[in-house]
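A.B. asks: Below are the sequence and a predicted model for it; my questions follow.
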Amino acid sequence: MAQGKAPMIAELNELIHDEHFMAFIQEKAWNYESRDDFLASSPPCGLDADTTWELVSFVRRMSGWPPVRSQMPRAGKALTPDLAFQTTPPSVEATISELAARCDEHSRLWEALEPLIRHRRIVSPLAEDLAAAVEREGLAISYETVRALILDTREPQGDDERIVANTAALLWEPCAPGTIPTADVLRDLHQAIVCGTDSFESASRAAAAAPPSSMPEAFVQRKVSFEELARVAGQESQWGVHPLPGIIMNAGILWNSRTVGPANAFLEVVLRRRALARIGLPVLACVPLSSLRLSWERGSAPELLEPFRYGEAFLVSEFGLDCTPYLIQMLAMMEHYVDKLEGEVRAIAAADAARREAVSRDARLSHRQKDLLSTLIADPDARVDVGAYRERFDCAVSTARDDLNRLVDLRYCSTAYQGKKQVFWLNEMS
């Protein structure tokens, strides 16, 4: 050992055994604040703030994901010119564990939510997600139009509306458990999104404006191939022991990238929701994360914000870009929305109980009509026609038609013609 280095080694040894220094580093490593706020603090042992910032960043990187020796593909660096990483503070670990318990396919919440998955109040978050994708891609569609396409299944008019309808159709397709999409699958999904939109492929869309940030290059949109996206999707486990952080980070990378062709934000919605269903967290697939992220980006979700604006939730040091504040905020928004979903499920259950009680007490209704309404309350998406009603209750065609039209008159049901067939369905409770 060179003689000149001996005093330096001795000083370092003394420093790392100093209890005040150890307590300070431990506290700062798990409690995130902006670089400016950190530099305004007073480090112990006479250390300057800049050096201490790098020491804390070193400790975070050592406990972070992906592992230092892991070589992420280039697409994994889309958020930063250097290697991005995240740590798992105790608060993050607790949130992930709680979400996994509340939202998995065997949870009580999913047991209650699954039968309602096409209920208008549960489908509304899907409309919010696609409305965020519309804004991200610069499509000329209003929020009301998106809701009409999703909630009222209105026929799309024009290419921009077609892409929304195509994406919504993909979201209802079943996702095979454990299946990570290949580049060919991603390419096919993209083609399905833009199917029937001749002018959309060549349309010139303005890139989303980068948010204010100390690392503006982290938000420069660049093209990412389907092969790169497939490699990133296959490395969810690089971001932690649970795949949820990886899915959140990959969704952020895709949100801030450009694939071959347009419709990137729509592809992000499809892939994220499928990934969450794939790892057995179907409740989280009902959370409109794109919409929540866009609200944060615009500063319109103050009740949920950590002390970081969207563009500042990535901490820069010599050891890379620490994305933990970004992950903390995304998890907080997911947890908040799961609370909201639980409230919606309870409200729907209460409304259904009230409606069943009202039906049972309505002396204007026959036993056949009450029986049918009970079925429709249990399955609000069900449709019935005169023929099905006649067969179910073994009555005359004229009786079936009169019964169903009477339900329309009493405002229990609505009706419309599908081709030559008149169909009836349950009205929403006002």
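C.D. replies: Ah, there it is.
A.B. asks: going forward, measure contacts and count neighbours with C-alpha atoms only.
C.D. replies: Fine.
A.B. asks: And the helix or strand hosting Arg231, what does it pack against?
C.D. replies: Arg231 is part of helix 226-233 when elements are defined by DSSP states H and E. With contacts taken as 3 or more C-alpha pairs under 8 Å, 6 or more residues apart in numbering; DSSP states H and E, helix 226-233 sits against helix 183-194, helix 243-255.
A.B. asks: Need the winner for burial among the ones you listed.
C.D. replies: When the helices and strands packed on helix 226-233 are scored by mean count of other C-alpha atoms under 10 Å, the highest mean neighbour count falls to helix 243-255 (a mean of 22).
A.B. asks: could I have that helix exported to PDB, CA atoms only?
C.D. replies: Written as PDB, here are the backbone C-alpha positions of helix 243-255 (Å, rounded to 0.1, in the frame of the first residue of the first chain):
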ATOM      1  CA  PRO A 243     -42.500  -7.800 -10.700                       C
ATOM      2  CA  LEU A 244     -44.700  -4.900 -10.000                       C
ATOM      3  CA  PRO A 245     -42.000  -2.200  -9.900                       C
ATOM      4  CA  GLY A 246     -40.700  -3.600 -13.200                       C
ATOM      5  CA  ILE A 247     -44.100  -3.300 -14.800                       C
ATOM      6  CA  ILE A 248     -44.400   0.300 -13.500                       C
ATOM      7  CA  MET A 249     -40.900   1.300 -14.800                       C
ATOM      8  CA  ASN A 250     -41.400  -0.500 -18.100                       C
ATOM      9  CA  ALA A 251     -44.700   1.400 -18.600                       C
ATOM     10  CA  GLY A 252     -42.900   4.600 -17.900                       C
ATOM     11  CA  ILE A 253     -40.300   3.800 -20.500                       C
ATOM     12  CA  LEU A 254     -42.900   3.000 -23.100                       C
ATOM     13  CA  TRP A 255     -44.900   6.100 -22.200                       C
END
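A.B. asks: And for whichever helix or strand comes after it, what's in contact with it?
C.D. replies: Sequence order places helix 264-278 as the next helix or strand after helix 243-255, per DSSP H and E. Residues outside helix 264-278 that contact it (C-alpha atoms under 8 Å, 6 or more residues apart in numbering): 129-130, 133-134, 136-137, 164, 167, 170-171, 175-180, 189-190, 193, 244, 247-248, 251, 254-255, 257-258, 282, 284-286, 290.
A.B. asks: can you check stretch 330-349 too?
C.D. replies: Taking C-alpha under 8 Å, 6+ apart as the rule, stretch 330-349 contacts 92, 95-96, 99, 109, 112-113, 121-122, 248, 283-284, 287, 289, 292-293, 304.
A.B. asks: number of nearby residues for Pro44?
C.D. replies: A count of neighbours around Pro44, defined by other C-alpha atoms under 10 Å, yields 18.
A.B. asks: residues in contact with it?
C.D. replies: Contacts of Pro44 (C-alpha under 8 Å, 6+ apart): His20, Phe21, Phe24.
A.B. asks: And it, how close does it get to Leu15?
C.D. replies: Counting by C-alpha to C-alpha, to the nearest Å, the gap from Pro44 to Leu15 is 10 Å.
A.B. asks: who touches both of the two?
C.D. replies: Phe21.
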